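> take a look and give me a structure for this.
(one chain, ligands or ions: 1)
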Amino acid sequence: MKNFNDPLEIHNQIWSFMEKGVKDRNSAFHTPTLITLEDDNNAAARTLVLREVNKNSRTFRFHSDQRSKKIEQVHSNPNALIHVYSQEDKLQLRFKSKLSLHINEVLVDEAWEKSYGMSKICYQVDESPGSQINIPDGYQFTPEKNHEGKDNFIVIIAKIIETEWLYLSCDGHRRAKFTYDNEEFKVTWLVP
Ligand SMILES: Cc1cc2nc3c(=O)[nH]c(=O)nc-3n(C[C@H](O)[C@H](O)[C@H](O)COP(=O)(O)O)c2cc1C
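Numbers count the residues shown, from 1 in each chain. Purely as a prediction, here's the structure:
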(Lines give C-alpha, C1' and ligand atoms only; values in the text may rest on other atoms or scores of the structure.)
Protein backbone atom coordinates (compact mmCIF):
# COMPACT_ATOMS: atom_id res chain seq x y z
CA MET A 1 0.00 0.00 0.00
CA LYS A 2 1.39 3.38 -1.04
CA ASN A 3 -0.40 5.57 1.45
CA PHE A 4 -1.98 3.94 4.44
CA ASN A 5 -3.17 7.31 5.75
CA ASP A 6 -5.54 7.96 2.84
CA PRO A 7 -9.08 6.62 3.54
CA LEU A 8 -10.11 6.57 -0.12
CA GLU A 9 -7.04 4.60 -1.16
CA ILE A 10 -7.52 2.19 1.75
CA HIS A 11 -11.20 1.68 0.95
CA ASN A 12 -10.51 1.10 -2.75
CA GLN A 13 -7.80 -1.38 -1.85
CA ILE A 14 -10.12 -3.32 0.48
CA TRP A 15 -12.59 -3.82 -2.36
CA SER A 16 -9.93 -4.71 -4.92
CA PHE A 17 -8.50 -7.34 -2.56
CA MET A 18 -11.99 -8.86 -2.20
CA GLU A 19 -12.59 -8.70 -5.99
CA LYS A 20 -9.26 -10.41 -6.58
CA GLY A 21 -10.27 -13.03 -4.01
CA VAL A 22 -13.18 -14.17 -6.19
CA LYS A 23 -10.84 -15.19 -9.04
CA ASP A 24 -7.63 -16.07 -7.24
CA ARG A 25 -8.01 -19.42 -5.48
CA ASN A 26 -4.66 -18.92 -3.73
CA SER A 27 -5.61 -15.60 -2.20
CA ALA A 28 -6.65 -15.48 1.46
CA PHE A 29 -9.58 -13.35 0.32
CA HIS A 30 -10.98 -16.33 -1.67
CA THR A 31 -12.13 -18.12 1.47
CA PRO A 32 -13.42 -15.77 4.17
CA THR A 33 -14.92 -16.95 7.45
CA LEU A 34 -18.63 -16.33 7.89
CA ILE A 35 -19.74 -15.96 11.51
CA THR A 36 -23.39 -16.25 12.48
CA LEU A 37 -25.29 -16.78 15.72
CA GLU A 38 -27.05 -19.93 16.85
CA ASP A 39 -30.41 -19.67 18.61
CA ASP A 40 -28.71 -20.04 22.01
CA ASN A 41 -26.43 -17.08 21.07
CA ASN A 42 -23.37 -19.28 20.62
CA ALA A 43 -21.23 -18.14 17.69
CA ALA A 44 -20.89 -20.41 14.64
CA ALA A 45 -18.07 -19.92 12.11
CA ARG A 46 -17.19 -21.59 8.84
CA THR A 47 -15.12 -21.08 5.69
CA LEU A 48 -16.99 -20.22 2.49
CA VAL A 49 -15.77 -19.57 -1.03
CA LEU A 50 -16.32 -15.97 -2.07
CA ARG A 51 -18.25 -16.17 -5.37
CA GLU A 52 -18.89 -12.54 -6.31
CA VAL A 53 -18.15 -9.05 -5.05
CA ASN A 54 -20.11 -5.96 -6.04
CA LYS A 55 -18.54 -2.73 -4.85
CA ASN A 56 -21.49 -0.57 -6.00
CA SER A 57 -24.11 -2.48 -4.05
CA ARG A 58 -21.55 -3.33 -1.33
CA THR A 59 -22.44 -7.02 -1.46
CA PHE A 60 -20.68 -10.38 -1.43
CA ARG A 61 -22.23 -13.57 -2.84
CA PHE A 62 -21.80 -17.05 -1.31
CA HIS A 63 -23.29 -20.45 -2.18
CA SER A 64 -24.48 -23.11 0.22
CA ASP A 65 -26.83 -26.03 0.89
CA GLN A 66 -30.34 -25.00 1.99
CA ARG A 67 -30.35 -27.79 4.57
CA SER A 68 -27.17 -26.67 6.37
CA LYS A 69 -27.19 -25.29 9.92
CA LYS A 70 -26.04 -21.84 8.85
CA ILE A 71 -29.25 -21.32 6.83
CA GLU A 72 -31.38 -22.02 9.90
CA GLN A 73 -29.26 -19.49 11.81
CA VAL A 74 -29.60 -16.82 9.12
CA HIS A 75 -33.39 -17.33 9.05
CA SER A 76 -33.48 -16.56 12.79
CA ASN A 77 -30.87 -13.82 12.74
CA PRO A 78 -29.48 -12.27 9.53
CA ASN A 79 -26.68 -10.40 11.31
CA ALA A 80 -23.25 -11.77 10.50
CA LEU A 81 -19.56 -11.01 10.50
CA ILE A 82 -17.24 -11.87 7.63
CA HIS A 83 -13.58 -12.18 8.55
CA VAL A 84 -10.44 -12.48 6.43
CA TYR A 85 -6.79 -12.40 7.38
CA SER A 86 -4.11 -12.19 4.73
CA GLN A 87 -0.66 -12.90 6.08
CA GLU A 88 0.81 -11.89 2.72
CA ASP A 89 -0.82 -8.45 2.85
CA LYS A 90 -0.54 -8.06 6.65
CA LEU A 91 -4.20 -7.27 6.64
CA GLN A 92 -7.25 -8.24 8.68
CA LEU A 93 -10.71 -7.28 7.38
CA ARG A 94 -13.94 -7.58 9.34
CA PHE A 95 -17.22 -6.90 7.57
CA LYS A 96 -20.34 -6.40 9.65
CA SER A 97 -23.08 -7.71 7.34
CA LYS A 98 -26.78 -8.34 6.93
CA LEU A 99 -27.43 -11.64 5.12
CA SER A 100 -30.28 -12.47 2.75
CA LEU A 101 -31.17 -15.94 1.42
CA HIS A 102 -32.19 -16.60 -2.18
CA ILE A 103 -33.89 -19.56 -3.87
CA ASN A 104 -36.19 -19.68 -6.92
CA GLU A 105 -34.79 -16.45 -8.36
CA VAL A 106 -33.02 -15.61 -11.60
CA LEU A 107 -29.80 -14.85 -9.75
CA VAL A 108 -29.90 -18.36 -8.25
CA ASP A 109 -30.46 -20.00 -11.66
CA GLU A 110 -27.56 -18.01 -13.11
CA ALA A 111 -25.25 -18.89 -10.22
CA TRP A 112 -26.18 -22.57 -10.57
CA GLU A 113 -25.61 -22.61 -14.34
CA LYS A 114 -22.18 -21.02 -13.91
CA SER A 115 -21.13 -23.48 -11.17
CA TYR A 116 -18.63 -26.17 -12.11
CA GLY A 117 -19.73 -29.82 -12.14
CA MET A 118 -17.43 -30.59 -9.21
CA SER A 119 -19.12 -27.89 -7.10
CA LYS A 120 -22.58 -29.20 -8.00
CA ILE A 121 -21.80 -32.66 -6.65
CA CYS A 122 -21.73 -31.33 -3.04
CA TYR A 123 -25.43 -30.48 -3.34
CA GLN A 124 -26.38 -33.97 -4.57
CA VAL A 125 -25.86 -35.61 -1.19
CA ASP A 126 -29.04 -37.31 0.01
CA GLU A 127 -28.64 -36.73 3.73
CA SER A 128 -28.66 -33.16 5.13
CA PRO A 129 -25.19 -31.73 5.78
CA GLY A 130 -24.29 -32.17 9.44
CA SER A 131 -26.54 -35.25 9.91
CA GLN A 132 -25.11 -37.93 12.18
CA ILE A 133 -23.90 -41.08 10.39
CA ASN A 134 -22.69 -44.44 11.73
CA ILE A 135 -19.63 -44.84 9.50
CA PRO A 136 -17.34 -42.15 7.99
CA ASP A 137 -18.61 -42.66 4.43
CA GLY A 138 -22.21 -43.37 5.39
CA TYR A 139 -23.74 -40.92 2.91
CA GLN A 140 -24.78 -41.16 -0.70
CA PHE A 141 -25.26 -38.95 -3.74
CA THR A 142 -28.70 -39.08 -5.33
CA PRO A 143 -28.66 -36.53 -8.21
CA GLU A 144 -31.82 -38.11 -9.63
CA LYS A 145 -33.73 -37.16 -6.46
CA ASN A 146 -32.64 -33.51 -6.22
CA HIS A 147 -32.32 -32.27 -9.82
CA GLU A 148 -28.54 -32.81 -9.88
CA GLY A 149 -28.33 -30.91 -6.54
CA LYS A 150 -30.17 -27.77 -7.64
CA ASP A 151 -33.03 -28.41 -5.16
CA ASN A 152 -30.57 -27.99 -2.28
CA PHE A 153 -28.70 -24.99 -3.66
CA ILE A 154 -29.06 -21.57 -2.04
CA VAL A 155 -27.42 -18.19 -2.59
CA ILE A 156 -26.42 -16.05 0.37
CA ILE A 157 -25.97 -12.33 -0.24
CA ALA A 158 -24.11 -10.33 2.38
CA LYS A 159 -24.80 -6.60 2.43
CA ILE A 160 -21.86 -4.88 4.05
CA ILE A 161 -22.91 -2.49 6.82
CA GLU A 162 -19.52 -1.67 8.28
CA THR A 163 -15.92 -2.51 7.39
CA GLU A 164 -13.06 -2.67 9.82
CA TRP A 165 -9.52 -2.60 8.44
CA LEU A 166 -6.37 -3.50 10.39
CA TYR A 167 -3.04 -3.11 8.66
CA LEU A 168 0.09 -4.36 10.39
CA SER A 169 3.21 -2.34 9.63
CA CYS A 170 6.61 -1.96 11.25
CA ASP A 171 6.16 1.80 10.71
CA GLY A 172 3.10 1.70 12.99
CA HIS A 173 -0.07 -0.32 12.70
CA ARG A 174 -3.19 1.33 11.31
CA ARG A 175 -6.83 0.56 12.09
CA ALA A 176 -9.93 2.19 10.68
CA LYS A 177 -13.67 1.68 10.59
CA PHE A 178 -15.70 2.51 7.48
CA THR A 179 -19.43 3.14 7.83
CA TYR A 180 -21.77 3.88 4.95
CA ASP A 181 -24.44 6.35 3.98
CA ASN A 182 -25.73 5.30 0.54
CA GLU A 183 -22.72 5.62 -1.79
CA GLU A 184 -20.64 7.61 0.67
CA PHE A 185 -18.39 6.17 3.34
CA LYS A 186 -17.25 7.77 6.55
CA VAL A 187 -13.93 6.79 8.12
CA THR A 188 -13.18 6.58 11.84
CA TRP A 189 -9.57 5.98 12.83
CA LEU A 190 -9.10 3.55 15.70
CA VAL A 191 -6.20 2.69 17.98
CA PRO A 192 -4.80 -0.51 16.45
C1 LIG B 1 -11.85 -24.15 1.79
C2 LIG B 1 -13.30 -24.39 2.12
C3 LIG B 1 -14.28 -23.86 1.33
C4 LIG B 1 -15.64 -24.08 1.62
N5 LIG B 1 -16.58 -23.51 0.83
C6 LIG B 1 -17.89 -23.67 1.14
C7 LIG B 1 -18.91 -22.99 0.37
O8 LIG B 1 -18.63 -22.25 -0.59
N9 LIG B 1 -20.20 -23.20 0.75
C10 LIG B 1 -20.56 -23.98 1.82
O11 LIG B 1 -21.75 -24.09 2.11
N12 LIG B 1 -19.63 -24.62 2.55
C13 LIG B 1 -18.30 -24.47 2.24
N14 LIG B 1 -17.35 -25.10 3.00
C15 LIG B 1 -17.78 -25.95 4.13
C16 LIG B 1 -18.14 -25.05 5.33
O17 LIG B 1 -16.96 -24.50 5.90
C18 LIG B 1 -18.95 -25.78 6.40
O19 LIG B 1 -18.23 -26.87 6.90
C20 LIG B 1 -20.30 -26.29 5.86
O21 LIG B 1 -20.89 -25.34 4.99
C22 LIG B 1 -21.27 -26.58 7.01
O23 LIG B 1 -21.44 -25.41 7.76
P24 LIG B 1 -22.66 -25.19 8.78
O25 LIG B 1 -22.88 -26.48 9.49
O26 LIG B 1 -22.16 -24.11 9.70
O27 LIG B 1 -23.84 -24.77 7.98
C28 LIG B 1 -16.00 -24.88 2.73
C29 LIG B 1 -14.99 -25.40 3.54
C30 LIG B 1 -13.68 -25.17 3.24
C31 LIG B 1 -12.62 -25.76 4.15
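> near the ligand at all, the lengthiest strand in the chain?
Longest among the strand segments of the chain by residue count, using DSSP state E, is strand 153-167. No - using CB under 6 Å from any ligand atom, strand 153-167 never reaches the ligand; the gap is at least 8.4 Å. (Each C-beta comes from the backbone N, C-alpha and C, glycine too.)
> just checking, what packs against that strand?
Using 3 or more CB pairs under 8 Å, 6 or more residues apart in numbering; DSSP states H and E, the elements in contact with strand 153-167 are helix 7-23, strand 59-65, strand 79-86, strand 91-102, helix 106-114, strand 174-181.
> turn these into JSON lines, including distance to residue 146, mean pLDDT and mean neighbour count.
Listed next are the helices and strands packed on strand 153-167 as JSON lines, based on distance: least, CB to CB, whole Å; pLDDT from 0 to 100; neighbours: other CB atoms under 10 Å:
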{"stretch": "helix 7-23", "distance to residue 146": "27", "mean pLDDT": "97", "mean neighbour count": "17"}
{"stretch": "strand 59-65", "distance to residue 146": "10", "mean pLDDT": "98", "mean neighbour count": "20"}
{"stretch": "strand 79-86", "distance to residue 146": "26", "mean pLDDT": "98", "mean neighbour count": "18"}
{"stretch": "strand 91-102", "distance to residue 146": "18", "mean pLDDT": "98", "mean neighbour count": "18"}
{"stretch": "helix 106-114", "distance to residue 146": "12", "mean pLDDT": "97", "mean neighbour count": "13"}
{"stretch": "strand 174-181", "distance to residue 146": "38", "mean pLDDT": "97", "mean neighbour count": "15"}
